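Trainee: Need coordinates for the following:
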Amino acid sequence: MALDPAYLEYPRRARGMDHDLYGYSNLFERPPVVWAGGKTVAVPIVVSLEWFPIVPEDKPFRAPGHMQTAYPDYRHYTSREYGTRVGFYRLLDAFAKVGARVSVATNAAIAERYPSVIREIVAAGHEIVAHSTDMNGTIATGLDEADERALIAASLDTLERVAGVRPTAWASIARSQSWNTPRLLAEAGVRTMLDWVNDDLPYRMDTPSGGIVNLPLNHELSDRQIITVQQQSAESYAEQIRDAFGWLDGEAQRYGGRMLPLHVTPYVMGLPYRIGAFEALLAWLAAQPGAAFETVTAVTEAVFPAI
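Mentor: Have a look, this model is predicted:
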């Protein structure tokens, strides 16, 4: 039975995605991106440094990785706390060994509860990315616009107060947004968001409040997805990152620079039986002639010097 042609007739249907935020653009037909030093693949590393309240909120939805069992759920709570107290510092040591400056997507609650961690991030030359207020601060359609605006402001204001610099990049919890989020982020002065995953390079959106760049942070290659959800090993994670780099490096020879974001979690990758594989991966990447460790903001500015 043939599909009724009327099935594809609906308002706002257009080439690309069905919205007005940006025009359609084929990755393989764009002007080539050129990274500094002639590198072929930019490697922005994003660390999710999060605080999960011991009692989760289910509205608008429960954040992935949140408490699961009867409350108080000390098993999951202390596992997450281990990431903040121990695993994160193993990651910082790993980054220092290869001279990588990274972007740390962190909740405002981390700044309030562990201000020394925020200061150490900044002192090491890393970047702070705003990541809501805490892991109950989820966003989805149905959240009142005023409440969402206040949540964004509270996250930015708190992180600025503790870090001494106002974040210009934003990562929503679970990469979830409402219809209003890009506009509200632009209104708040955010330059880069990490929520949409439909490309291999940053691209610009235009909202009624101004422009904002989306830097796609691939979900399928995150440590939490590969190791925790798919139950694969850290060595398998590293192999998949190496495979992805090889493919993107090959594409870059023909089409211009590519990007391979690494999304890692302290309570996942910072464990003693995984950190060795991650350090080996970083060393391998550092040895690749085409690889360049960059922060989210550095990648954004290389592609879009002005918004």
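
Trainee: what secondary structure does residue 228 sit in?
Mentor: Three-state assignment for residue 228 (DSSP: H, G, I helix; E, B strand; the rest coil): helix.

Trainee: shouldn't it be in contact with residue 268?
Mentor: Yes: under the contact definition of C-beta atoms under 8 Å, residue 228 touches residue 268, with a separation of 5.8 Å. (Each C-beta comes from the backbone N, C-alpha and C, glycine too.)

Trainee: okay, the two: which has more neighbours?
Mentor: residue 268 (23 against 15; other C-beta atoms under 10 Å).

Trainee: The more buried one touches residue 80, doesn't it?
Mentor: No: the pair residue 268 / residue 80 is not scored as a contact, 10.2 Å apart, by C-beta under 8 Å.

Trainee: Determine the residues that are contacts of both of the two.
Mentor: Contact with both residue 268 and residue 80 is made by no residue, according to C-beta atoms under 8 Å, 6 or more residues apart in numbering.

Trainee: low-scoring stretches of the stretch 1-150 of the chain, by residue?
Mentor: Scanning the stretch 1-150 of the chain for pLDDT under 70 picks out the ranges 1, 11-18.

Trainee: One more pass at 80, please.
Mentor: 1-2, 7-19 (pLDDT under 80).

Trainee: In it, mark out all the strands, start to finish.
Mentor: 41-49, 103-106, 127-130 (DSSP state E, counting those that start in this stretch).

Trainee: Quickly note the distance from residue 197 to residue 305.
Mentor: 24 Å (C-beta to C-beta, to the nearest Å).

Trainee: quick one: which of the two has more around it?
Mentor: residue 197 (15 against 7).

Trainee: I'd like the strands of the stretch 1-150 of the chain as TSV, with mean neighbour count and distance to residue 247 appended.
Mentor: Supplementary listing: those in TSV, determined by neighbours: other C-beta atoms under 10 Å; distance: least, C-beta to C-beta, whole Å:
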stretch	mean neighbour count	distance to residue 247
strand 41-49	25	10
strand 103-106	28	23
strand 127-130	26	26
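
Trainee: Select, out of the ones you listed, the one closest to residue 223.
Mentor: strand 41-49 (9.3 Å; C-beta to C-beta).

Trainee: Which elements pack onto the closest one?
Mentor: Strand 41-49 sits against helix 88-98, strand 103-106, helix 234-255, strand 258-259, strand 262-264, helix 266-269, strand 291-294, helix 296-303, with contacts defined as 3 or more C-beta pairs under 8 Å, 6 or more residues apart in numbering; DSSP states H and E.

Trainee: For residue 206, find the nearest of those.
Mentor: If we rank those by C-beta to C-beta, the stretch that ends up nearest is helix 296-303, at 15.4 Å.

Trainee: Could you figure out how far that closest one is turned away from strand 41-49?
Mentor: Interaxial angle, helix 296-303 versus strand 41-49 (axes from the mean of the first three to the mean of the last three C-alpha atoms, to 10 degrees): 150 degrees.

Trainee: That'll do, ta.
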